[in-house]
Structures are given as C-alpha cells and as structure tokens.
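Visitor: give me a model of this one.
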Amino acid sequence: MKADPKGTGILEMYFVLDEQGEPLPVSDFEEWVQWCDRADRGVARTVVAADVVVLTTFNGVDEVVDGQTPLLFETRVFGGVLDGEAVQHSTRADALAAHAKLVEWCRMGNSPGTGLTDDQIT
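Guide: Have a look, this model is predicted:
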C-alpha cells in the first residue's frame, strides 16, 4: 500500500493472484511489478462475433477511498453496440458473473431481430 502524503483519503493498494486465482495484497511495489510482468492476468475471454470480444482481467491495483473494497477485476466489451462498456468488480466471482451477463447482452445485440426498430424509437 502506498502512503497518502496529501491526506486525500485515497491509498493505492497492490494485489497479486494466488494459485486459486484469488487476490492477495502485497506490500512491496516492486514485488507487484515483477508479478505483473510474468503473470497471466486474464480471467475470461469470450469471442461473441468476429468483431465483438468480452474480456475480463485482473488489474491488481486499486485506489481505495476510506476503506472501500478494492475493485480489482474489470470486464470490458470490445466491438459491437456495447463497445467500450466496462464494469469493475471486487471479487473473481462477481467478475465472472458480470462477464457472463455482458456476453449475453452482446449476443442479443448481435442477433437479428432484437432490440428496438427505428419505428419504435421515433
């Protein structure tokens, strides 16, 4: 954990994954950097269509505000109607659940005949 020299209440915390894929805090920044250099931080990757991918990764760093739970995992959509959609999570289980939900939404968005028609919008 990095100190908060400005007194903002924001601290940077660093985490690595254990053998089961669960986060563990580390106190040494250099240890975290070395782990990140060699670790596979990917949690889940789903190709929904040729141009749509949902990716969930472990970030390993979080700015913790006043003791809030760190958000260490991120699920992001690349391509399609939800391109750029990103959600952060505090646990691996929450990240995997959100990954599945975004994959479902992306599949619906890429399916013909789903969503709103132009007539329904106007």
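Visitor: who's R76 bridged to?
Guide: L55, A86 (DSSP bridges).
Visitor: what is the burial count for it?
Guide: Applying other CB atoms under 10 Å, we find 18 residues neighbouring R76. Just so you know, the C-beta spots here come from the backbone N, C-alpha and C atoms, and that holds for glycine as well.
Visitor: helices of this protein, start to end?
Guide: Ranges of helices in the chain, per DSSP state H, are 29-38, 92-109, 118-121.
Visitor: what's the longest one in contact with?
Guide: Meaning helix 92-109. 21-23, 43-44, 46, 48-49, 52, 54, 56, 58, 73-75, 77, 80-82, 85, 87, 89, 114-115 (CB atoms under 8 Å, 6 or more residues apart in numbering).
Visitor: list the buried residues in that helix.
Guide: Within helix 92-109, the residues that count as buried by 16 or more other CB atoms under 10 Å are R92, A95, L96, A98, H99, L102, V103, W105, C106, R107, G109.
Visitor: could I get the average pLDDT for that helix?
Guide: For helix 92-109, the mean per-residue pLDDT is 92.
Visitor: now do the last one
Guide: For helix 118-121, mean pLDDT is 56.
Visitor: do the same with stretch 52-72
Guide: 84.
Visitor: so which bits of it are buried?
Guide: Neighbour-count burial for stretch 52-72 [16+ other CB under 10 Å]: 52-58, 60, 62, 64, 70-72.
Visitor: what does stretch 42-53 give?
Guide: Quick answer for stretch 42-53 (16+ other CB under 10 Å): V43, A44, V48, V52, V53.
Visitor: what residues does that stretch touch?
Guide: 21, 54-58, 73, 75, 77-80, 83, 92, 95-96, 99, 103, 106-107, 110.
Visitor: equivalent analysis for stretch 55-63, please.
Guide: So stretch 55-63 is contacted by 10-17, 23, 32, 35-36, 41-45, 70-76, 78, 88, 92, 95-96, 98-99 (CB under 8 Å, 6+ apart).
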